[in-house]
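# Take this sequence and fold it.
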Amino acid sequence: MMAWTKIREGLREIFAGDSPHPYTSFVHSVIQVEELGWRDGRPWHRLLTPVTLEWQINGESWRIVVPAGFETDYATTPRALWWLVPPNGPWLVPAIGHDWLYRRGRISRFFADAAFRDAMAAEGVAPWQRVLMYYAVRLCGGRHYRRSRT
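Numbering: from 1, shown residues only. Below you'll find the model as predicted:
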């Protein structure tokens, strides 16, 4: 019951535009990829150059550098939902950063998901899409998250 209350409160903040987190200045580098073909029912890509994501939230700066050679499927969306949220879209770069954070597993899953949400907001992803994608990774992303053993 408590979780649904938090979700409703979060939705009210996002859709009302009164979020306590003003998102600004999302910057990312140009993306160059090599198509790797299909795996697990999704198209995969290898970064040919590093991808740098930088954004600010309430004046605090965040930066993620995803190295060349990293393989991603962009947004891991079930194929049946591609009509609603395809693997690529305005969330493409935040999804690459999210994949990197998940595979590294050196920060909490909660932080990785929050970074994904915040980067999507800074990138200008529509509120309904980022809410949908954020709660999808919160509810279903656990099996893809790898905790670092070091």
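
# what about the residue nearest to Pro90 when sequence neighbours are not counted, which SS state?
Distance criterion Cβ to Cβ, 6 or more residues apart in numbering; nearest residue to Pro90, sequence neighbours excluded, is Val125 at 4.9 Å. (C-beta placed from N, C-alpha, C; glycine too.) Three-state assignment for Val125 (DSSP: H, G, I helix; E, B strand; the rest coil): coil.

# Isn't Val125 up against Leu92?
No: look at Val125 against Leu92 with Cβ atoms under 8 Å: they stay out of range, at 9.9 Å.

# more crowded one of the two?
Taking other Cβ atoms under 10 Å, Val125 and Leu92 do not tie; Val125 has more neighbours (22 against 19).

# what's that one in contact with, if anything?
89-91, 94, 133 (Cβ atoms under 8 Å, 6 or more residues apart in numbering).

# Type out the ChimeraX command that picks the buried ones from the residues you listed.
Typed into ChimeraX, the line below selects the buried ones among the contacts of Val125, using 16 or more other Cβ atoms under 10 Å:
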select :89,91,94,133
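
# The contacts of Val125 in helices, which ones?
94, 133 (DSSP state H).

# need the contacts of Val125 in a markdown table with pLDDT and distance to Tyr145, can you?
Converted to a markdown table, those look like this (pLDDT from 0 to 100; distance: Cβ to Cβ, whole Å):
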| residue | pLDDT | distance to Tyr145 |
| --- | --- | --- |
| Gly89 | 83 | 22 |
| Pro90 | 84 | 24 |
| Trp91 | 86 | 18 |
| Pro94 | 88 | 16 |
| Met133 | 89 | 16 |
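
# now, which of the contacts of Val125 sits nearest Ala75?
Trp91 (5.8 Å; Cβ to Cβ).
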